[in-house]
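Trainee: how does the following fold in three dimensions:
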Amino acid sequence: MSDPVVLSCWVVGDDREEIGLISMLLDDRVYALQEALKEEYKLSTAAKKIALWKLDIPMDTFCAENYVLPPLKKDEHTGFERMIPISRVSRYFPTPHDDHVHFIVVPPKVSLKRAAPSDNGAEPESKRMRNVEEVRKMAGPSTIAMVSVYKTANIGPDHKLLNLRPAAARGPPVTILHSVFGEFIEDFHDVSLEVSADMYRTAIEFCKLSCDVYENDTARKTRLRPLFSRAMGTLAHSIKFETNAVADDVVTVAQARAASQIYQYKNEMLGPSEPYVQASLTYAKYWPQAGDIANTRRHCHCPTFILLVVGPWICILGAVWLQRPVIEPLTPFIMMADLPNEHGKQVGLIAKLLRALKNGHDRLATYYGEIIANIDTFTTTDVDKETTPLPYLDSYPLPSGEKATLVYEDLLSNTKLVWTATSHPTEEKVAVKFTKSYNVEAHRLLESLDLAPNLHYVSPPNGAGWLMVVTEYVDALVDPWALSGEDVRQVYGGLEKAVDALHADGLVFGDLRFPNILIQKTAGDIKSLRVLLIDFDMCGKDGVARYPMNLNEELGWPDGVAPNSVIEKEHDKAWLKRIYQALNGMVIDG
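Mentor: This is a model prediction of the structure:
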């Protein structure tokens, strides 16, 4: 008998983020899957009336902005097909991927909704508060971080921690959620950063003491703690959580015990608990505590630096508490040693790291101090009830010289970091995107032909290299599946015109997929359509621009496309051909 596996599914009609999980054996027949779904959704209809269609695509792709479901017909190219009840589950998913949406559920004519919880009249609890309570009750970080425990403690899609363990447990970059993290990265890489002689002396001592061999975690912490205190000008202390678990060291600022730094010491790499996971959990459990900490948490996203020390190595993490904790490394692991081949350069690197960390602590001390000073005057919504993570960049200059202020509304896409917002004083609804690269030249070219949304602003990169792109918000979108024959010709003609214009200017688009194509109804008649390309992240000079190194090859790219390969005009033309075939296929299939 095969081992149980967990399959992810989506029900047509649900919100896109409402992914369900079903545990099955690979040896089970598909009709057993239908029966399980009938039980899950409390259906009175026959299980055989629940149609299942194999999808098997990455969850990030499925939840991406403007991802369009394929028509309900077999597709040899993508593998999309209806699952036959008498077939075994293993026929469709021989080795299921944890981070995929495996199949979609097409409900019968009756409603397919999970039973709603009873309503006792109380105000619905926010996701953040629910997660705060769940994390507070969890066992200690060292226990949960044991591999045997953690491998089942943070499975998705509703991961308790977004710390990249597993890879699908991924949140938005912390560097767009608070300025302190990008400023730290900028300081650390600034060749002109001023470092005092005392900081160099402290770095030299770190190199000596870090490489010594200690009996246990406590012994290492005891030797290194005074050096960190000297470098930061702070006093760290251990704390005990409600579950009696102990955090190694915390540096708090202001009267509300807001954590600017959390330290996690592990004597060496080997051990029963995974150090990075344990550090993540220590942060996650710190902020749910009651009292003054809870009062501060309600008014911010709890930015904190985590210093992970493992043997002679150190890694700096950035963390924020959104609806769930989001943790990510800001540096690689750095050996705190005077490396022979570096001839003192490693000492300089460690001194800069310490200086950048001190700057980060000082900024957070100011940040939390202002929160505490004004906490009684805040009129903003309780952050514990917030539903959308909000970037800290919230303004841009207008052509008139005035400053436009952004009031963020909804996160349209986790994978592409796109929000809707209202721009004041113009009161215009805009789309705000954060990206590491953007071809303004290409966007302006297509904007002049009304083949791209109006581009309002592209910011300089922040300390972590993120650009803020503000564009017209495009509404009244037309579903590609609703196009008629004349509509198809108009849409395809617009796309062909856009690609020709780019190629004539020596540019390539690179990512000409349906998620990057908007079709807008501009008048009362659906035949009045506006065809727009969005997302000029990959776009660049022909023969120079390259695909991302982390290219998702499961998206079915044209032949010759590979990670970091050169983007060619022929690839754009191949996409055009596929779009033509798909659009005409839609017409044929009604």
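Trainee: can we go C-alpha only for contacts and neighbour counts from here?
Mentor: Will do.
Trainee: for the longest helix seen in the chain, name the packing helices and strands.
Mentor: When the chain is parsed with DSSP state H, its longest helix is helix 345-374. Counting contacts by 3 or more CA pairs under 8 Å, 6 or more residues apart in numbering; DSSP states H and E, helix 345-374 packs against helix 179-188, helix 197-210, helix 217-232, strand 246-253, strand 258-266.
Trainee: in it, what counts as buried?
Mentor: Of all the residues in helix 345-374, those buried under the rule 16 or more other CA atoms under 10 Å are 346-365, 367-369, 371-372.
Trainee: stretch 146-162 too?
Mentor: M146, Y150, N154, I155, G156, P157, H159, K160, L161, L162.
Trainee: now swap in stretch 396-415 and tell me
Mentor: Y396, A404, T405, L406, V407, Y408, E409, L411, L412, S413.
Trainee: check contacts around the first one.
Mentor: Under the criterion of CA atoms under 8 Å, 6 or more residues apart in numbering, the contact partners of Y396 comprise K403, A404, T405, Y457, S459.
Trainee: pLDDT score assigned to the last one?
Mentor: Right, the one you point to is S459. For S459, the pLDDT comes out at 96.
Trainee: for the first one, same thing?
Mentor: The score at K403 is 94. That number is its pLDDT.
Trainee: give me the beta-bridge partners of it?
Mentor: P397 (DSSP bridges).
Trainee: my guess is it contacts D394. True?
Mentor: No. Contact criterion CA atoms under 8 Å: K403 and D394 do not qualify, at 10.2 Å.
Trainee: neighbours around S260, how many?
Mentor: 23 (other CA atoms under 10 Å).
Trainee: nearest spatial neighbour of it, chain-adjacent residues omitted?
Mentor: T304 (4.9 Å; CA to CA, 6 or more residues apart in numbering).
Trainee: beta partners of that neighbour?
Mentor: Assigned bridge partners for T304, using DSSP bridges, are A319.
Trainee: and the pLDDT for it?
Mentor: For T304, the predicted pLDDT is 97.
Trainee: contact partners for it?
Mentor: Contacts of T304 by CA under 8 Å, 6+ apart are A259, S260, Q261, I262, G318, A319, V320, L364.
Trainee: at 10 Å instead, please
Mentor: 178, 180-181, 251-252, 258-262, 283, 317-321, 327, 360-361, 364 (CA atoms under 10 Å, 6 or more residues apart in numbering).
Trainee: list buried residues within the residues you listed.
Mentor: 178, 180-181, 251-252, 258-262, 283, 317-321, 327, 360-361, 364.
Trainee: what ranges do the helices span in the stretch 451-590 of the chain?
Mentor: 485-504, 569-588 (DSSP state H, counting those that start in this stretch).
Trainee: so which of those helices gets nearest Q34?
Mentor: helix 569-588 (28.4 Å; CA to CA).
Trainee: that closest one - what's its average pLDDT?
Mentor: pLDDT averaged over helix 569-588 gives 82.
Trainee: check contacts around V474.
Mentor: By CA under 10 Å, 6+ apart, the neighbours of V474 are K429, V430, A431, A452, P453, N454, L518, I519, Q520, K521, R530, L532.
Trainee: turn those into a markdown table, including neighbour count and distance to Y473.
Mentor: Shown next, in a markdown table, are the contacts of V474 (neighbours: other CA atoms under 10 Å; distance: CA to CA, whole Å):
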| residue | neighbour count | distance to Y473 |
| --- | --- | --- |
| K429 | 20 | 6 |
| V430 | 22 | 4 |
| A431 | 25 | 5 |
| A452 | 26 | 11 |
| P453 | 23 | 8 |
| N454 | 18 | 9 |
| L518 | 25 | 11 |
| I519 | 21 | 13 |
| Q520 | 18 | 11 |
| K521 | 19 | 13 |
| R530 | 21 | 13 |
| L532 | 22 | 12 |
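Trainee: which one of those is nearest to C539?
Mentor: Using CA to CA, these come closest to C539 at A452, 13.2 Å.
Trainee: nearest to V195, of the buried residues of stretch 396-415?
Mentor: When those are compared against V195 (criterion: CA to CA), the nearest one is Y396, at 33.1 Å.
Trainee: distance check, P58 against L393.
Mentor: According to CA to CA, to the nearest Å, P58 and L393 sit 30 Å apart.
Trainee: V418 now?
Mentor: Distance from V418 to L393, by CA to CA: 13 Å.
Trainee: ok, C302 next?
Mentor: From C302 to L393 the distance is 17 Å (CA to CA).
Trainee: low pLDDT regions in the stretch 101-250 of the chain?
Mentor: 108-125, 156-157 (pLDDT under 70).
Trainee: distance from stretch 229-249 to the middle of the chain?
Mentor: The chain centroid and the centroid of stretch 229-249 are separated by 29 Å under CA atoms, centre = their mean, to the nearest Å.
Trainee: stretch 326-334 now?
Mentor: That offset, for stretch 326-334, works out to 15 Å (CA atoms, centre = their mean).
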